[in-house]
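>>> the following block contains a protein sequence and its predicted model.
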Amino acid sequence: MPAKKRVRRREEPILATDYDSWLQSPARVLVDAAARRLYLKRGQRIVNYTVAVGTEHTPTPPGVYRVEQIAHRPTWYPTATIRRDHAARGIKLPATVPPGDGNPLGAWFVRLQDSIGIHGTNEPASIGQASSYGCVRMHERDLEELARALRPGDRVLIIGHPPPPQQVSLGDTGGSAHP
């Protein structure tokens, strides 16, 4: 018998550019950098969280991404840019930071394509701010809920640009369910 041909399932493109069109898209997560919110589809519910996003100089890049990996207790590998920026402030970063209290990724890391991540933080006051190097930061309890809900291959839509710092509205700091 000849081997069966593997049929590749055709994926639905994601053309969403705002919250309403995201609701109709196959993406599980929407990050609205301007609003500093992350929305997660959980069955018939939408759960949302306040997040930190990239700064004006290191913005969180808009686009459609795939979840590539979900890691518990990740090791952080600071990029050359991050190490250089810290060195300019008199802080010497090691090439790797193991899991634990000194790790700025927190307890979970959701790796997306193109070296973008959704992770916790050891600076919870940064949540609601434009304060990262392009990644999305969340409170640890919110991130654990997100990490346990996602699977590799799930799609994430990132839209918007953060407003200037003087226009920041912190809003709430925890997850909340919406019908």
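Received, thanks. These figures come from a predicted structure and were not determined experimentally.
>>> Thr50 bridge partners, please.
Per DSSP bridges, the residues bridged to Thr50 are Arg37.
>>> what's the spacing between Arg89 and Ile82?
When CB to CB, to the nearest Å is the yardstick, Arg89 and Ile82 sit 11 Å from each other. For glycine as for every other residue, the C-beta is placed from the backbone atoms N, C-alpha and C.
>>> okay, those two: which has more neighbours?
Under the criterion of other CB atoms under 10 Å, the comparison of Arg89 against Ile82 puts Ile82 first, with 15 against 6.
>>> would you verify that the more buried one is located in a helix?
Yes - membership of Ile82 in a helix is supported by DSSP: H, G, I helix; E, B strand; the rest coil.
>>> please name the nearest non-neighbouring residue to it.
By the measure of CB to CB, 6 or more residues apart in numbering, the closest residue to Ile82 outside its immediate chain neighbours is Tyr133, 5.9 Å from it.
>>> and Tyr133, how far from His119?
Distance, Tyr133 to His119, using CB to CB: 11 Å.
>>> tell me which of the two has more neighbours.
With neighbours defined as other CB under 10 Å, Tyr133 and His119 compare such that His119 has more, 24 against 16.
>>> so the spatially most central residue of the chain, which state does it fall into?
Among the residues of the chain, the smallest C-alpha distance to the mean C-alpha position (CA atoms, centre = their mean) belongs to Ile118, namely 2.8 Å. Each residue gets one of three states, and Ile118 gets strand by three-state DSSP.
>>> equivalent analysis for the one 3 residues further on, please.
Reduced to three states with three-state DSSP, the structure at Thr121 is coil.
>>> burial count for the nearest residue to it once chain neighbours are set aside?
With sequence-adjacent residues excluded and distances taken as CB to CB, 6+ apart, Thr121 is closest to Arg137, at 4.4 Å. Each residue near Arg137 was counted by other CB under 10 Å, and the total is 30.
>>> isn't Arg137 right up against Val51?
Yes - in this structure, Arg137 sits in contact with Val51. The criterion is CB atoms under 8 Å, and the distance is 6.1 Å.
>>> find residues that contact each of the two.
Between them, Arg137 and Val51 share the neighbouring residues Ile118, Ile127, with contact defined by CB atoms under 8 Å, 6 or more residues apart in numbering.
>>> and the strands in this structure?
Chain-ordered strands for the chain, with DSSP state E as the definition, fall at 29-32, 37-42, 45-50, 53-54, 63-72, 108-112, 117-119, 130-132, 136-137, 155-159, 176-178.
>>> could you tell me the least trusted of those?
With a mean of 39, strand 176-178 has the lowest mean pLDDT of the strands of the chain.
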